[in-house]
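> sequence plus the predicted model coming up.
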Amino acid sequence: MLIVMRHGATEEEIRKVVAVIQEMGYQARPMPGAQRTAVGLVGNDGRVDASRLEALGGVQEIIHVSKPYKQVSREWQAENTVVRLAGGVAIGGNDVVAIAGPCSVETEKQIIEAARQVREAGAVILRGGAWKPRSSPYSFQGLGRPGLKLLAKAREETGLLICTEAMDPESLGYVAEVADIIQIGARNMQNFSLLKAAGRAGKPVLLKRGIAATITELLLSAEYLLAEGNHDVILCERGVRTFDTLTRNLLDLTAIPVVQKLSHLPIIADPSHGTGLREKVIPMARAAVAAGADGIIVEVHPNPEDALSDGAQSLYPDQFNQLMREVRVIAEVIGRRVAEPTPVDA
Ligand code: PEP
Ligand code: MN
């Protein structure tokens with residue numbers, strides 16, 4: 001529930017609303033806005049009797065949020081959330097942001113080379129898993145903590161920000177120390193204890209849609225992060241499982257405008273896992289930007305044929321370079337621009 005205060009409501013009136021919400025046994029989240037302050041009431045499971053609040057001084061209106069997710073909804077916050085990162089990178093504003101790099105961090109040479117190549121093409125954030133959720137326990141599981149060190153080194157050398165996955169509460173602690181964005185993978189979208197921990201980790205979170213999750217379930221999982229106080233959440237459409245076997249997944253681009261209507265959170269697309277096939281990644285990345293995605297996350301490997309994971313869907317660096325050229329043109333058509341890496345000497 002949202003208690004919208006009148007324009008010019010006093011500090012005292014806002015404090016009173018907060019106190020009454022707390023007396024009623026709920027939590028209060030004051031949200032100062034440019035025009036007026038609203039106070040969010042959270043912690044309720046079902047409709048709250050608002051009669052006590054309605055009568056308080058300075059209260060203009062009570063809005064009952066109709067969706068099962070609350071703080072994530074557009075009813076709660078009308079303006080888009082812009083996730084602000086170091087170096088002026090912002091996700092959810094006018095910029096379209098490219099996150100790129102290999103599926104996994106493999107060696108120092110591989111990750112530094114990949115970072116240089118994707119930066120050269122125009123990515124502002126480097127991706128690469130140090131912990132990998134693999135379908136088979138016999139597949140490469142990632143380098144773990146040494147992988148994080150290599151990512152930190154790549155950031156130092158290129159200035160790119162780092163997006164990397166945390167698979168469990170233990171790796172989350174290490175990832176949060178290094179990453180600029182903590183990725184929660186598709187398989188963990190409904191790992192609620194991990195979501196709660198990520199909500200307290202103090203770093204922005206990229207939350208990927210589960211392989212068979214509805215959009216409502218994705219938004220409810222995001223609500224776990226906001227409920228813990230983390231508002232820097234970026235959603236990611238990465239394809240859902242379907243009956244067709246010709247692609248790895250079905251990249252649900254409809255989810256982009258649907259999410260944008262229901263939520264204020266930014267949403268990006270992952271055409272790599274969304275298709276699983278290198279030559280399908282490029283058209284679907286273009287389509288995602290045309291559909292209004294706030295960014296793309298693309299797997300790029302210096303030598304895809306040698307990749308320890310997801311080689312078949314990893315772009316060659318020159319393909320990524322070409323993709324970025326195309327995406328710049330598409331972004332312009334819809335009144336946006338692709339974020340560019342800051343020059344090294346800037
Ligand atoms: C990945 O980004 O490499 C990954 C494992 O993605 P997902 O969780 O979407 O499968
Ligand atoms: Mn991958």
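Good, I have the coordinates. Ligands and ions are numbered 1, 2, ... in the order given.

> can you pull the contacts of the residue in the chain that ligand 1 sits nearest to?
Closest approach between the chain and ligand 1, counting by CB to the nearest ligand atom: G185, at 2.9 Å. (Each C-beta comes from the backbone N, C-alpha and C, glycine too.) Contact partners of G185, counting by CB atoms under 8 Å, 6 or more residues apart in numbering, are 133, 165, 167, 208.

> same thing but at 7 Å, please
133, 165, 208 (CB atoms under 7 Å, 6 or more residues apart in numbering).

> cool, I182 as well?
I182 neighbours (CB under 7 Å, 6+ apart): 166, 172, 175-176, 198, 201, 203, 205.

> re earlier: just the closest of the contacts of G185 to M31, please.
Nearest to M31 among the contacts of G185: K208, at 27.2 Å, using CB to CB.

> spell out which residues of the chain are next to ligand 1.
103, 129, 133, 185-187, 208, 238, 270, 273 (CB under 6 Å from any ligand atom).

> can you add pLDDT and secondary structure and give the residues you listed back as JSON lines?
Compiled in JSON lines, the residues of the chain next to ligand 1 are given as follows (pLDDT from 0 to 100; DSSP: H, G, I helix; E, B strand; the rest coil):
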{"residue": "C103", "pLDDT": "98", "secondary structure": "coil"}
{"residue": "G129", "pLDDT": "98", "secondary structure": "strand"}
{"residue": "P133", "pLDDT": "95", "secondary structure": "coil"}
{"residue": "G185", "pLDDT": "98", "secondary structure": "coil"}
{"residue": "A186", "pLDDT": "98", "secondary structure": "helix"}
{"residue": "R187", "pLDDT": "98", "secondary structure": "helix"}
{"residue": "K208", "pLDDT": "98", "secondary structure": "strand"}
{"residue": "R238", "pLDDT": "98", "secondary structure": "coil"}
{"residue": "D270", "pLDDT": "98", "secondary structure": "coil"}
{"residue": "H273", "pLDDT": "98", "secondary structure": "helix"}
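
> any figure for the gap between the nearest residue to M284 once chain neighbours are set aside and I296?
Distances taken as CB to CB, 6 or more residues apart in numbering place P271 nearest to M284, at 3.8 Å, with adjacent residues excluded. P271 is 7 Å from I296, where distance means CB to CB, to the nearest Å.

> any shared contact partners between the two?
Common neighbours of P271 and I296 (CB under 7 Å, 6+ apart) are 285, 288.

> understood, closing this out.
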